[in-house]
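Student: What follows is a predicted protein model with its sequence.
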Amino acid sequence: MSQKFQVSGMSCGHCVSAVRNAVQTVDPEAQVTVDLETGHVDVLSAQPRQDIVAAIENAGYRVQ
């Protein structure tokens, strides 16, 4: 299932990698697309939304 998130606090390629890795700790098979300019993160995963949000926030970013 495709899920969309608005993530703040990302400013560089390292941030993109950190968000992608955080999501993939919850679901290693997840497909994660990050648009650094807009802060949009698209995730293709069957994992519950709250688990993905928690992973991103634990990595130090805010999900709005």
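Tutor: Noted; the coordinates are in hand. These numbers were taken from a predicted model, which means no experiment stands behind them.
Student: contacts and neighbour counts: CA atoms only from here.
Tutor: OK.
Student: And the residue nearest the centre of the protein?
Tutor: For the chain, residue 19 is the residue whose C-alpha lies nearest the centre (CA atoms, centre = their mean; 4.6 Å).
Student: so what's it closest to, chain neighbours aside?
Tutor: Distance criterion CA to CA, 6 or more residues apart in numbering; nearest residue to residue 19, sequence neighbours excluded, is residue 56 at 5.9 Å.
Student: what packs against the helix or strand where the one you found lies?
Tutor: If you go by DSSP states H and E, residue 56 is part of helix 49-58. Contact partners of helix 49-58 among helices and strands, from 3 or more CA pairs under 8 Å, 6 or more residues apart in numbering; DSSP states H and E: helix 13-26, strand 62-63.
Student: In space, what's closest to residue 43 - neighbours in sequence excluded?
Tutor: Setting aside the residues directly before and after it, residue 43 is nearest to residue 32 in space (CA to CA, 6+ apart), at 4.6 Å.
Student: That neighbour contacts residue 52, doesn't it?
Tutor: No - taking contact to mean CA atoms under 8 Å, the distance of 11.0 Å between residue 32 and residue 52 leaves them out of contact.
Student: Quick one: classify residue 28 as helix, strand or coil.
Tutor: Applying DSSP: H, G, I helix; E, B strand; the rest coil to residue 28 yields a three-state assignment of coil.
Student: repeat for the one 4 residues further on
Tutor: Assigned state for residue 32: strand (three-state reduction, three-state DSSP).
Student: roughly how far apart are the spatially closest residue to residue 35 that is not a sequence neighbour and residue 20?
Tutor: Ranked by CA to CA, 6+ apart and with sequence neighbours excluded, the top spatial neighbour of residue 35 is residue 41, at 6.3 Å. Between residue 41 and residue 20 the distance is 9 Å, computed by CA to CA, to the nearest Å.
Student: Quick check: neighbours shared by those two?
Tutor: Residues touching both residue 41 and residue 20 (CA atoms under 8 Å, 6 or more residues apart in numbering): 32-34.
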